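take a look and give me a structure for this.
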Amino acid sequence: MDIWEKLYNEAKVLYNPHEVSPFVYAEHVVCALEAEDGQIYTGYCFEATCGVFHLCAERAAAFNMYQQSKQTKIKRIIAFRDEAPSGVGGMPCGACREFLMQLNIENAATEVMVDYTKRETITLNELMPNWWGTTRV
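Numbers count the residues shown, from 1 in each chain. Predicted coordinates:
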C-alpha cells in the first residue's frame with residue numbers, strides 16, 4: 001500500500017454526508033494529509049448557512065494537525081467527496097490554498113492529489129503561482 005492509498009483510506013471512512021440541522025451540512029467532503037513527520041491527519045467539511053462558519057475538509061485536517069502536534073508543514077494532501085479525485089475535482093478551494101500557504105511557506109511544495117488512479121499530483125505552488133505572501137516572509 002502506497003502513501004496515497006493510505007491517505008485515501010483514512011479519509012474515506014469519514015465520508016458520511018448528512019444534515020446536522022436544517023442549517024448545517026457536514027461530512028460531504030473529506031480530507032487526509034501527511035504531515036512533515038509522516039503522521040496522517042484527517043478532517044471533513046462542516047458548513048452552515050450563516051456564512052460565518054464554513055470549514056472545508058482541508059482546513060479542518062490542517063487544524064487537527066496543528067492542534068494535535070503543532071506541526072505546520074504538509075507533505076501530501078487528498079480531498080474528495082464520494083470517490084477519489086479523478087482529474088476534475090479534489091483540489092483545495094481558494095481559501096484553503098491561501099490558508100495552507102499562510103500556515104507555512106514551505107507548503108508550496110505540498111503535493112495535492114489530482115487523479116488518484118493515475119497518481120497525478122500538482123504542487124500547491126503550481127496552484128498559487130506568484131503568491132503575494134512571499135514578500136512577507
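
could you report the pLDDT at Phe53?
In this prediction, Phe53 carries a pLDDT score of 78.

just Val88 next, same as before
Listed pLDDT for Val88 reads 69.

and what of Tyr15?
pLDDT, Tyr15: 98.

and the residue lying closest to it once chain neighbours are set aside, what does it touch?
Among residues not flanking Tyr15 along the chain, Val30 sits closest, at 4.9 Å (Cβ to Cβ, 6 or more residues apart in numbering). The way it works is simple: take the backbone N, C-alpha and C, and place the C-beta from them, glycine included. Applying Cβ atoms under 8 Å, 6 or more residues apart in numbering to Val30 gives the contacts Ala11, Lys12, Leu14, Tyr15, Thr42, Gly43, Tyr44, Cys45, Ala57, Ala79, Phe80, Arg81.

partner strands of the helix or strand of the chain with the lowest mean pLDDT, with direction?
Every helix and strand of the chain was ranked by mean pLDDT, DSSP states H and E. The lowest is strand 54-55, at a mean of 90. Strand 54-55 has the following sheet partners, assigned by DSSP bridges: strand 40-48 (antiparallel).

what comes up buried for the partner strand?
Buried residues in strand 40-48, counted by 16 or more other Cβ atoms under 10 Å: Ile40, Tyr41, Thr42, Gly43, Tyr44, Cys45, Phe46, Glu47.

mind telling me the two of these farthest from one another?
Ile40 and Glu47 (23.6 Å; Cβ to Cβ).

which one of the buried residues of strand 40-48 is nearest to Thr121?
Closest to Thr121, out of all of the buried residues of strand 40-48 and judged by Cβ to Cβ, is Ile40, at 16.5 Å.

which residues touch the most centrally placed residue in the chain?
Nearest residue to the geometric centre of the chain (Cα atoms, centre = their mean): Glu58, 2.6 Å. Taking Cβ under 8 Å, 6+ apart as the criterion, Glu58 is in contact with Cys31, Leu33, Gly43, Ile77, Ala79, Pro92, Cys93, Cys96, Phe99, Leu100.
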